[in-house]
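**Student:** Coordinates for the following, if possible.
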Amino acid sequence: MSIVKSEYENIIGLFESEKNSFETRKTTVDNIPITSKNWSSSYLDFFNYDSAINQLKEAVIFKEETKISIKNYYFENQLIFSCNNENEKWGSLFLEYNDRNKKSFLFVENDDEEMALQQLRVAYFHNNRYDKVLSYINDGDNHEEFLFIDQFEYDNADITKIVRYGFWEEKSNILPIREFEFSYIGAKVKIVATNQSGKKILVYNGKKISNDSLCQDSCYPLNLN
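**Tutor:** Residues are numbered from 1 along each chain as shown. You can find the predicted model right below:
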């Protein structure tokens, strides 16, 4: 069984069991004493270098409210909920943590004016490091689904490579395997993406992100535009 088929079967089961959980999750968050909040230009990264390998701009964080922004709610310094600051129905994201993994659930109002689970992400840990991240998108209005599987390799505490598998729009449209190689000089890191044909593209050249904490205050939905 291919890795894509195997991981799809795992995540689709979780997606089906959670797709109608919006009201329960929102009630739970509404009853948690929020200890702090901030605003950001976009949703925050779900794992280290998330926006970098997806070639997206890293979110800018604001201490004061900005109308066109994402509002982030924290409980004891841990992000638990994010939403569009203008209208929660345009995007409400819930975070869930345990010792083995962390999950994010993004709900968006669909054409039937229901809050539908559109994106599910699961980050699995091993030896207190990211082992793999599954990112599943289900666009029910357009009858499309997407899956990305990111597997991590390390040298001690430093990420040396992320290998990506997946499919695009439908399960039969398997994506070419893509590799992201990391190289470090002092406090800086370069990430070079290599596709199946061997072409290399520099996707990140900037500061090294600390690997000290797996439960970062972060979660960034993928941009499919």
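**Student:** Let's check: the centremost residue of this structure is which one?
**Tutor:** residue 46 (4.0 Å; CA atoms, centre = their mean).
**Student:** Could you look up the SS state of it?
**Tutor:** coil (DSSP: H, G, I helix; E, B strand; the rest coil).
**Student:** Could you shift the numbering so residue one becomes 692, and keep it that way?
**Tutor:** Understood, numbering begins at 692; the last thing we discussed is residue 737.
**Student:** so it sits right up against residue 821, yeah?
**Tutor:** No: Residue 737 lies out of contact with residue 821 (CB atoms under 8 Å); the separation is 10.0 Å. Using the backbone N, CA and C atoms, a C-beta is placed for each residue, glycine as well.
**Student:** now do the same end-to-end measure for stretch 779-792.
**Tutor:** 26 Å (CA to CA, to the nearest Å).
**Student:** avg pLDDT for it?
**Tutor:** Stretch 779-792 shows a mean pLDDT of 94.
**Student:** If we go by neighbour counts, what in it is buried?
**Tutor:** 779, 782, 783, 784, 785, 786, 792 (16 or more other CB atoms under 10 Å).
**Student:** Quick one: residues in contact with the longest helix along the chain.
**Tutor:** Under DSSP state H, the helix in the chain containing the largest number of residues is helix 694-709. Contact partners of helix 694-709, identified using CB atoms under 8 Å, 6 or more residues apart in numbering, comprise 796, 808, 811, 813, 825, 827, 829, 838, 840, 856-858, 862, 865.
**Student:** and these, which are buried?
**Tutor:** Among those, those buried by neighbour count (16+ other CB under 10 Å) are 796, 808, 811, 813, 825, 827, 829, 838, 840, 856, 857, 858.
**Student:** With pLDDT, secondary structure and distance to residue 714 as new columns, can the residues you listed be given to me in CSV?
**Tutor:** Supplementary listing: these in CSV, determined by pLDDT from 0 to 100; DSSP: H, G, I helix; E, B strand; the rest coil; distance: CB to CB, whole Å:
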residue, pLDDT, secondary structure, distance to residue 714
796, 98, strand, 12
808, 96, strand, 12
811, 98, strand, 17
813, 97, strand, 22
825, 97, strand, 25
827, 97, strand, 21
829, 94, strand, 19
838, 97, strand, 26
840, 98, strand, 30
856, 96, strand, 34
857, 96, strand, 30
858, 94, strand, 31
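**Student:** which among these gets closest to residue 802?
**Tutor:** The nearest member of these to residue 802, counting by CB to CB, is residue 829 at 13.9 Å.
**Student:** Now do the same contact list for the residue lying closest to that closest one once chain neighbours are set aside.
**Tutor:** Leaving aside its chain neighbours, residue 829 sits nearest to residue 836 (4.9 Å; criterion: CB to CB, 6 or more residues apart in numbering). Neighbour list for residue 836: 827, 828, 829, 830, 860, 861, 862 [criterion: CB under 8 Å, 6+ apart].
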